[in-house]
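Asker: Show me how the following folds:
(one chain, ligands or ions: 2)
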Amino acid sequence: MKIGVIGGGAWGTALAQVAARGGREILLWAREDEVVASINADHVNTMFLSAIPLPETIRATGDIGELAGCDALLVVAPAQHVRSVLGAIRIGTMPLVLCAKGIEAGTRLLVGEVARAVQPDAPIAVLSGPTFAHEVAAGQPTAVTLACEDEALGARLAARLAGPAFRTYASSDVVGAEIGGAVKNVLAIACGVVEGAGLGQNAHAALIARGFAEMTRFGLARGARSETLAGLSGLGDLVLTCSSTSSRNFSLGVGLGQGRAAAELMADRRTVAEGAFTAPVLREAAREAGVAMPVSEAVCALLEGANVTEVVGALLARPLTREGV
Ligand SMILES: NC(=O)C1=CN([C@@H]2O[C@H](COP(=O)(O)OP(=O)(O)OC[C@H]3O[C@@H](n4cnc5c(N)ncnc54)[C@H](O)[C@@H]3O)[C@@H](O)[C@H]2O)C=CC1
Ligand SMILES: O=C(CO)COP(=O)(O)O
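Answerer: Ligands and ions are numbered 1, 2, ... in the order given. Modelled structure (predicted):
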């Protein structure tokens, strides 16, 4: 199975390395000429994953059409750009492994729904879980959910990508795997705010628990399975991303908690903090579904410039409720 990678960011590069294990040849499309040049000349992605030597079997290209000859594609562009990159290549029935974590602005579609809209003949799978790219690229032990409605295809993809330090757990719950990855990025911003504002470990732990409750409510409303949300792509990724400044989303929240403006924190970013783009879309989708997501609503308010003390005070002043609600 010849695998191609769409997206030369940190995650696309790390997954190319995973797929290249055992000497397999990998073709990676990168948007930046500098990334193409550094991978092909120096076997390193100096822009998004520097200091990680890449195998020479990974070749980069700036021509996305070259990927049409692959047997499967890892789609690792940021969620807001999946539609454009998938529209730029003749895919046919080539399986797509969707690795972006987000919800499309405007349409409120999950990435799998976008892929089906743009490439209706391509079977899709979702790869998601607690995976800092730099740790995966360094060969540190990692586990992910690989969800595919066609379980035989999912098993083949899981086996093809699995390695000694990269465990793939099969699932058929594509929606659940996508929602976990998308919502955790928004909740990670909230946990970063708690850190940046010095609100303490109790608040941090409470936010993870209450955030998981709203992730679950929203996921079940969209047809996800509870075991998926409680697994690697949901709770697993939530704990990872909510607890480390290695997370771009958590780090964005730390800045907000310190009183810095979202516009300043987002300006000149080369790397993507998906939660900032997903948060307003998630708010719309939750309201449309009639699902209460107060933590995600608070993140939106903070991204729109609201005062941290006022937002936190409002969260704490909400009417008392019950566990499980
Ligand atoms: N970095 C990580 O540790 C992980 C990232 N992911 C997900 O992978 C996806 C890609 O993120 P990263 O690899 O982290 O990116 P990155 O933050 O390392 O780099 C940004 C990427 O966005 C691309 N980009 C920017 N504007 C674009 C446009 N108009 N059209 C197409 N591409 C554009 C850049 O070319 C670059 O590849 C995101 O959805 C992210 O949530 C998932 C797991 C781990
Ligand atoms: O998805 C990730 C880890 O699973 C990467 O998190 P950030 O996008 O917040 O850096």
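
Asker: which element follows the longest helix along the chain toward the C-terminus?
Answerer: Ordering each helix of the chain by length in residues (DSSP state H) puts helix 174-196 first. Once the chain leaves helix 174-196, the next helix or strand it forms, by DSSP states H and E, is helix 201-221.

Asker: which residues are there in the protein that come within reach of ligand 1?
Answerer: 7-12, 31-32, 48, 76-79, 81, 84-85, 99-102, 131-133, 271-272, 274 (CB under 6 Å from any ligand atom). (C-beta placed from N, C-alpha, C; glycine too.)

Asker: now the strands: where do they sit in this structure?
Answerer: 3-6, 26-29, 58-61, 72-75, 96-98, 124-128, 142-148, 166-171 (DSSP state E).

Asker: who wins for proximity to Asn249 among those strands?
Answerer: Comparison of the strands of the chain against Asn249 by CB to CB identifies strand 124-128 as nearest, at 14.5 Å.

Asker: okay, the angle between the closest one and helix 174-196?
Answerer: Orientation check (axes from the mean of the first three to the mean of the last three CA atoms, to 10 degrees): strand 124-128 against helix 174-196 gives 30 degrees.

Asker: which other helices and strands contact strand 124-128?
Answerer: Secondary-structure packing of strand 124-128 (3 or more CB pairs under 8 Å, 6 or more residues apart in numbering; DSSP states H and E): strand 96-98, helix 111-118, strand 142-148, helix 151-161, helix 174-196.

Asker: Recalculate using a threshold of 6 Å.
Answerer: Here strand 124-128 touches strand 96-98, strand 142-148, helix 174-196, going by 3 or more CB pairs under 6 Å, 6 or more residues apart in numbering; DSSP states H and E.

Asker: least trustworthy helix or strand in the protein by mean pLDDT?
Answerer: helix 262-266 (a mean of 95; mean pLDDT, DSSP states H and E).

Asker: so what secondary structure elements neighbour it?
Answerer: Against helix 262-266 (3+ CB pairs under 6 Å, 6+ apart) you get no helix or strand.

Asker: one more time with 8 Å
Answerer: Using 3+ CB pairs under 8 Å, 6+ apart: helix 262-266 touches helix 248-257.

Asker: how many neighbours does the residue of the chain found nearest ligand 1 have?
Answerer: The nearest approach of the chain to ligand 1 comes at Gly9, 2.6 Å away (CB to the nearest ligand atom). By the criterion of other CB atoms under 10 Å, Gly9 has 23 neighbours.

Asker: In space, what's closest to it - neighbours in sequence excluded?
Answerer: Leaving aside its sequence neighbours, Gly9 sits nearest to Phe48 (CB to CB, 6 or more residues apart in numbering; 4.8 Å).

Asker: hang on, that neighbour packs against Gly8?
Answerer: Yes - using CB atoms under 8 Å, Phe48 is in contact with Gly8, at 6.8 Å.

Asker: re earlier: among the strands of the chain, which is nearest Leu238?
Answerer: It is, among those and with distance given as CB to CB, strand 124-128, at 11.5 Å.

Asker: Ligand 2 contacts on this protein?
Answerer: 101, 130-132, 185, 188, 237, 240-241, 247-249, 274.

Asker: Run a quick neighbour tally on Thr13.
Answerer: 29.

Asker: residues in contact with stretch 301-318?
Answerer: 189, 193, 197, 199, 256-257, 259, 261-262, 276, 279-280, 294-295, 298 (CB atoms under 8 Å, 6 or more residues apart in numbering).

Asker: Apply the buried test to those and list what passes.
Answerer: In the contacts of stretch 301-318, burial by neighbour count holds for 189, 193, 197, 199, 256-257, 262, 276, 279-280, 294-295, 298, counting by 16 or more other CB atoms under 10 Å.

Asker: Can you say which two of the residues you listed are spatially most distant?
Answerer: Across those (CB to CB), the longest gap, 23.5 Å, separates Leu199 and Pro280.

Asker: Give me the buried positions along stretch 112-128.
Answerer: Quick answer for stretch 112-128 (16+ other CB under 10 Å): 112-116, 118-119, 122-128.

Asker: and the residue minimising distance to the centre of the chain, how far is that from Ser171?
Answerer: Geometric centre of the chain, nearest residue: Lys101, 2.7 Å, by CA atoms, centre = their mean. As judged by CB to CB, to the nearest Å, Lys101 and Ser171 stand 16 Å apart.

Asker: Looking at the contacts of stretch 301-318, which is nearest Cys70?
Answerer: For the contacts of stretch 301-318, the nearest to Cys70 is Ala276 (31.4 Å; CB to CB).

Asker: Please look at that closest one and Ile189 and confirm they touch.
Answerer: Yes - contact criterion CB under 8 Å: Ala276 and Ile189 qualify, at 7.1 Å.
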